[in-house]
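# how does the following fold in three dimensions:
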Amino acid sequence: MSRILLGVCGGIAAYKAAALTSFLVQRGDDVNVIMTQEAQRFVGALTFSALTGRATYASLWDAPETIPHIRLTRDSEVMVVIPATANAIAKLAHGIADDLLTNAALAARIPIVIAPAMNDAMYEHEATKENLRTLLARGYEIVEPGVGFLAEREFGIGRLADQEAIVCAIDAALRRTRDLAGERVVVTAGPTRESIDPVRFLSNASTGTMGIEVAREALSRGASVDLILGPTLVQPPLGVRVAHVVSAQEMYEATLPAAYQADIVVASAAVADWRPVRTFAHKVKKNDVEPTLRLERTPDILATLGSRKGKAFLVGFAAETQSVEQQAREKLHGKHLDAIAVNDVSGNGTGFGIGETALTVLWGAQGREALSRSSKREAARKLWDVLLEVRKRNGNRASGD
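I've put the predicted structure just below:
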């Protein structure tokens, strides 16, 4: 039995939400329904109560003592908005919470599936397209509308997707909420800083965004997540245990104990390979020393994990500028990884600090899957889909190369 929160908006296709509710209940799902005031002009709340056998919610003041917008999302595994009108999509994209449905969506820490339905002129308006892109970048699952006869007695795009497509999207979201349940995941993210003196350091342009999204997605799939995070202004998700570190040595010391207790380790941090041999106690004046900086190697966290990983499924990251896949495969095998995600950071618009990425996942002797360019949140979702499939092929255990 799945726990589904169904949000019904005020569009002519609202009656199809009743049919979807009936289907979900008949197959054994536990469904709670939130209706907007406009939705009730098309379908009565009593219809959904009769179908679900429970109260239908329409206002923040329905049983306010239970704080319904919080309770309903926490009691559910997935939220579905159908039909998602242009107005509802705009509110969701801009964080407007002026009714129970939008408050619940803003409070949700579960996957959200939306099925748009509207006139083709509204659907193809640039504002609607931009709002949908925003939601997609945030990890919403969007069930594209179909082409057909619309309420305005016109033919065009904007017709609510078929029920089968919506159910498939719901089931895919439900699988993602469960496929890491009970597992412990460790993610390293962000850069490290290697101090020269109290105000200067060696570092790189990593913001930690990709690793933070990997951790967020693991959490949404039910994992217990430890995030070892280097210096960044990006906020980690609530619910993740965060260990803040600065240097490569600190990341080494924080990562190893956590990794030995983990089922999966994703090492996405951009760890400095070198550090100054000497760190000055006070700010160095330009005329006080020779302009030469002597360096030494930092601990190789990934190689150490590869040599001692035990049962953990170990995933590395590589950011390369030339011979991208060749370099990544050498790292994959040389450090005894189970998989590696590599991206080209040579200036193609998918490098450090950029909102999008295009990863290629490599494993084994020839395993390869290229993930299309997308937001880092969407990339994290695609990455986990691939990693879990690779692990399944390996018998849910680390391959040890």
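# what residues does C168 make contact with?
If a contact means Cβ atoms under 8 Å, 6 or more residues apart in numbering, then C168 has no contacts. For glycine as for every other residue, the C-beta is placed from the backbone atoms N, C-alpha and C.
# now the helix or strand containing it: buried residues?
Element membership for C168, per DSSP states H and E: helix 163-178. For helix 163-178, the neighbour count (16 or more other Cβ atoms under 10 Å) marks Q163, I166, V167, A169, I170, A173, L174, R176, T177 as buried.
# now swap in stretch 328-335 and tell me
Buried, per 16+ other Cβ under 10 Å, within stretch 328-335: A328, R329, K331, L332, K335.
# that one: how far from the chain's middle?
26 Å (Cα atoms, centre = their mean, to the nearest Å).
# circling back: what is the helix or strand following the helix holding C168 packed up against?
Downstream of helix 163-178, the next assigned helix or strand under DSSP H and E is strand 184-189. Contacts defined by 3 or more Cβ pairs under 8 Å, 6 or more residues apart in numbering; DSSP states H and E place strand 184-189 against helix 209-220, strand 224-229, helix 248-259, strand 264-267.
# what is the mean pLDDT for the third one?
Pointing back at helix 248-259 there. The pLDDT scores in helix 248-259 average 96.
# ranges for the strands of the stretch 1-150 of the chain?
Applying DSSP state E, counting those that start in this stretch to the stretch 1-150 of the chain gives strands spanning 3-8, 30-35, 78-84, 112-116, 141-142, 146-149.
# list the neighbouring strands of the third one plus their orientation.
Its sheet considered, strand 78-84 pairs with strand 3-8 (parallel), strand 112-116 (parallel) by DSSP bridges.
# same check on the shortest one?
Here the strand partners of strand 141-142, with direction, are listed using DSSP bridges: strand 112-116 (parallel).
# what angle sits between the longest helix seen in the chain and helix 209-220?
As assigned by DSSP state H, the longest helix anywhere in the chain is helix 376-393. If you take axes from the mean of the first three to the mean of the last three Cα atoms, to 10 degrees, helix 376-393 sits at 60 degrees to helix 209-220.
# just the residues contacting helix 376-393, thanks.
Applying Cβ under 8 Å, 6+ apart, the contact partners of helix 376-393 are 136-139, 176, 179-180, 209-210, 213-214, 216-218, 221, 264, 266, 313, 315, 338-339, 341, 355-359, 361, 363, 367, 369, 371-372, 374, 397.
# picking that back up, may I see the buried residues of stretch 328-335 arranged in TSV, with pLDDT and secondary structure as well?
Shown next, in TSV, are those (pLDDT from 0 to 100; DSSP: H, G, I helix; E, B strand; the rest coil):
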residue	pLDDT	secondary structure
A328	94	helix
R329	95	helix
K331	93	helix
L332	95	helix
K335	94	coil
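# out of the helices and strands packed on strand 184-189, which comes closest to I89?
Closest of those to I89 is helix 209-220, at 21.1 Å (criterion: Cβ to Cβ).
# tell me which residues of that closest one are tucked away?
T209, M210, G211, I212, E213, V214, A215, R216, E217, A218, L219, S220.
# just stretch 106-126 next, same as before
107-108, 110-120, 122-123.
# distance between the ends of it?
23 Å (Cα to Cα, to the nearest Å).
# quick one: average pLDDT of that stretch?
Average pLDDT, stretch 106-126: 91.
# pLDDT and distance to V8 added to the buried residues of helix 163-178, as TSV?
Below are the buried residues of helix 163-178 laid out as TSV (pLDDT from 0 to 100; distance: Cβ to Cβ, whole Å):
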residue	pLDDT	distance to V8
Q163	92	14
I166	93	13
V167	94	16
A169	91	16
I170	92	15
A173	87	18
L174	86	19
R176	78	23
T177	77	22
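# D300: which of those is nearest?
R176 (32.8 Å).
# find the nearest non-adjacent residue to that closest one, please.
R221 (5.2 Å; Cβ to Cβ, 6 or more residues apart in numbering).
# so that neighbour touches G182, yeah?
No. Using Cβ atoms under 8 Å, R221 is not in contact with G182, being 10.8 Å away.
# so for these two, which sits in the more crowded spot?
For R221 versus G182, neighbours defined as other Cβ atoms under 10 Å are more numerous around R221 (22 against 9).
# how near is the more buried one to Q26?
Distance, R221 to Q26, by Cβ to Cβ, to the nearest Å: 27 Å.
# before we move on, what about D171?
From D171 to Q26 the distance is 15 Å (Cβ to Cβ).
# cool, and M79?
Counting by Cβ to Cβ, the separation of M79 from Q26 is 20 Å.
# have a look at those two and say which one is more surrounded.
It is M79, of M79 and Q26, that has more neighbours when counted by other Cβ under 10 Å, with 26 against 9.
# okay, that one: pLDDT?
On the pLDDT scale, M79 gets 96.
# list the contacts for V324?
Residues in contact with V324 (Cβ under 8 Å, 6+ apart) are A318, V342, N343, D344, T360.
# circling back to that earlier point, out of the buried residues of stretch 328-335, which is nearest to L202?
For the buried residues of stretch 328-335, the nearest to L202 is K331 (21.2 Å; Cβ to Cβ).
# quick one: the closest one and I340 touch, right?
Yes. K331 is within contact range of I340, at 6.1 Å (criterion: Cβ under 8 Å).
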